[in-house]
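> Sequence and predicted structure, then a few things I'm wondering about:
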Amino acid sequence: MKLKGILLNSVSYLINKINLIITDRFFQIINIYIVFLREDRIGHQVGNTDIEFYKAYKREKVNKAKTIFIFPTPYFEVSNLYVREKLVQYAKSKHYITFVINYKFFTKFFSNLLHEFLKKSFESCKNIYFSNTDKGKRINNQILKKSNDHKFLCERMGIIPNRYICITSRDQNYLTKRYPNRNWLYHNCRNSNIDNLEKLSKFFVSELGYDVVRIGSNPTKKISWVCKTRPMILDYSFSKYNSPKNDIELISGCSLFINNGGGPVSAAVAARRDIVTINHIPIRLNSGFGWWFWIPKLLKYKNKNTFLSFRHIEEINLSRTNKEIDYIKLGVEVIENNDEDILNAVKDYFRIKKGLINIEEKKILGRYRKMRKETAHLYCEKNLRNFKDIISPTFLLKYPELLD
């Protein structure tokens, strides 16, 4: 295996240099970009493509450059084949040339080998590249849309098509099952407990008359607080309706998507849903479209009782890391949002949308925005303009040390 790896690296290195000098230069001259899209995990599959659609739009508008999209992942490694189908349809609707690589004449081993070979062969090129980020600007268009099957699915599940919310809580069970040879414990700090959403779910059911649908692929545990009478609380993740297509149908049609990060939020962003993010970490990386409403996980040194301020989190370089080891090394404890803070945050979300916050809340949000811009300039070397970043004012008033 080592010999095969050395041989693969040597050949791909040589071809990479040839591509850099000849192939990439040719596509620069004719003003065409070739983008290989990442498809192995749903967050990257949707998020990266969403970003690349914006880049293609911008390149065409500014430089009249054309973009060719290639879907290169072997079908058995694609996170969601229905999503691939929808993304291909969208690309074609915008008159982009698309190619889906067909590996049907290759074994699984050689399919993966070819995929890796392609990545290495173009890794130094400018106009030919593999997409590698799900953070950045997006076009206004809705990328993922519910289909004509959405209404029928809702009827089968017993929920009202335009009056339900989706909730999800990240854990590593999906990744552990899908990629058993990798250690996913390094992302433990991003996980959260689904039971902390029970009070919020019952509020939507009893006070607002919304159905609540728990989504997510292969989560660790079922919820014990389902409600089978309307308005309903459904554990879709463990139901007979669970499927890759239905995941997207439900997310694309929900009235509100409540999450703590993880792959499904990229689908909600691509569907241009309203989003509330709880238990968010790290604090400098955001999720959402249009405007971002959130509350973070709280951080504290293990030998102290006060929570770390946003400014201090930036100072000690924890504002952009989602690796648990980085927090452990500094003796920092990561604390989940409790059910009361989550409920109050969502109530704030509705009040802000209706313009019902008071003067004290407006002032603390003003302090927060000022601090975020200052720390972005100081620690991230960038200026934020028209940054639509809104945190729960009730959360800030309860934990004023966050703004120290």
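Done, it's in. Numbering: from 1, shown residues only.
> So which residues of the stretch 201-350 of the chain form helices?
Assigned by DSSP state H, counting those that start in this stretch, the helices in the stretch 201-350 of the chain fall at 244-253, 264-270, 310-315, 324-329, 339-353.
> What mean pLDDT does the last one get?
The predicted model assigns helix 339-353 a mean pLDDT of 97.
> cool, the fourth one as well?
In this model, helix 324-329 has a mean pLDDT of 95.
> In contact with residue 67, which residues?
32-35, 52, 55-56, 59-60, 96 (CB atoms under 8 Å, 6 or more residues apart in numbering). (C-beta placed from N, C-alpha, C; glycine too.)
> cool, residue 303 as well?
Going by CB under 8 Å, 6+ apart, residue 303 touches residue 331.
> what do you get if the cut-off is 10 Å, keeping everything else the same?
Contacts for residue 303 (CB atoms under 10 Å, 6 or more residues apart in numbering) come out as 331, 333.
> Could you tell me which ranges of the stretch 201-350 of the chain sit under the pLDDT cut-off?
287-291 (pLDDT under 70).
> show me where it has strands.
Assigned by DSSP state E, counting those that start in this stretch, the strands in the stretch 201-350 of the chain fall at 211-214, 233-235, 256-259, 275-280, 292-296, 298-301, 332-335.
> deepest of the ones you listed, which one?
strand 211-214 (a mean of 26; mean count of other CB atoms under 10 Å).
> quick revisit: most neighbours among the contacts of residue 67, which one?
Ranked by neighbour count (other CB atoms under 10 Å), the contacts of residue 67 have residue 52 at the top, with 25 neighbours.
> Name the helix or strand for that residue, please.
helix 42-63 (DSSP states H and E).
> Can you name the element that comes right after that helix?
Note on helix 42-63: by DSSP H and E, the next helix or strand toward the C-terminus is strand 66-71.
> mean confidence for that following strand?
96.
> Tell me the gap between that strand and the middle of its chain.
22 Å (CA atoms, centre = their mean, to the nearest Å).
> need the contact list for residue 208.
By CB under 10 Å, 6+ apart, residue 208 lies in contact with 163, 165, 231, 255, 346, 350.
> could the residues you listed go into CSV alongside distance to residue 390 and neighbour count?
CSV is the format used below for the contacts of residue 208 (distance: CB to CB, whole Å; neighbours: other CB atoms under 10 Å):
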residue, distance to residue 390, neighbour count
163, 24, 15
165, 19, 21
231, 27, 20
255, 18, 17
346, 13, 22
350, 12, 12
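> same question for stretch 362-373, mean pLDDT?
The predicted model assigns stretch 362-373 a mean pLDDT of 93.
> That one: which residues count as buried?
In terms of neighbour count (16 or more other CB atoms under 10 Å), stretch 362-373 has its buried residues at 364-365, 368-369, 371-373.
> Pick out whichever of these sits closest to residue 91.
For those, the residue nearest residue 91 by CB to CB is residue 372; the value is 34.6 Å.
> distance of residue 135 from residue 284?
According to CB to CB, to the nearest Å, residue 135 stands 10 Å off from residue 284.
> So between the two, which is more surrounded?
Neighbour totals were compared for residue 135 and residue 284, and residue 284 leads with 16 against 10 (other CB under 10 Å).
> Next, the contact list for residue 102, please.
74-75, 111.
> Check the secondary structure at it for me.
For residue 102, the secondary-structure state derived from DSSP: H, G, I helix; E, B strand; the rest coil is coil.
> do you know how far it is from residue 72?
Distance from residue 102 to residue 72, by CB to CB: 11 Å.
> Residue 162 too?
Relative to residue 72, residue 162 is positioned 37 Å away (CB to CB).
> coming back round to it: include distance to residue 324 when you put the strands of the stretch 201-350 of the chain into JSON lines, please.
Shown next, in JSON lines, are those (distance: least, CB to CB, whole Å):
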{"stretch": "strand 211-214", "distance to residue 324": "25"}
{"stretch": "strand 233-235", "distance to residue 324": "28"}
{"stretch": "strand 256-259", "distance to residue 324": "19"}
{"stretch": "strand 275-280", "distance to residue 324": "14"}
{"stretch": "strand 292-296", "distance to residue 324": "16"}
{"stretch": "strand 298-301", "distance to residue 324": "12"}
{"stretch": "strand 332-335", "distance to residue 324": "8"}
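> Would you mind saying which of the ones you listed lies nearest residue 194?
strand 211-214 (7.0 Å).
> how about residue 35, secondary structure?
Following three-state DSSP, the label given to residue 35 is strand.
> in the sheet, who's paired with it?
Beta bridges link residue 35 to residue 69, residue 129, judged by DSSP bridges.
> hang on, it packs against residue 130?
Yes - counting by CB atoms under 10 Å, residue 130 is a contact partner of residue 35 at 7.9 Å.
> anything in contact with each of those two?
If you check residue 35 and residue 130 against CB under 10 Å, 6+ apart, the residues they both contact are 48, 70, 72.
> Against residue 325, how distant is the last one?
Between residue 72 and residue 325 the distance, using CB to CB, works out to 32 Å.
> what about these two, which has more around it?
Higher neighbour count among residue 72 and residue 325: residue 72, with 21 against 12, using other CB under 10 Å.
> what's near enough to touch that one?
Residue 72 is in contact with 35-39, 78, 99-101, 103, 114-115, 118-119, 130, counting by CB under 10 Å, 6+ apart.
> what about the helices in the stretch 1-150 of the chain?
Using DSSP H, counting those that start in this stretch, helices in the stretch 1-150 of the chain cover 2-18, 24-29, 42-63, 81-93, 108-121, 150-157.
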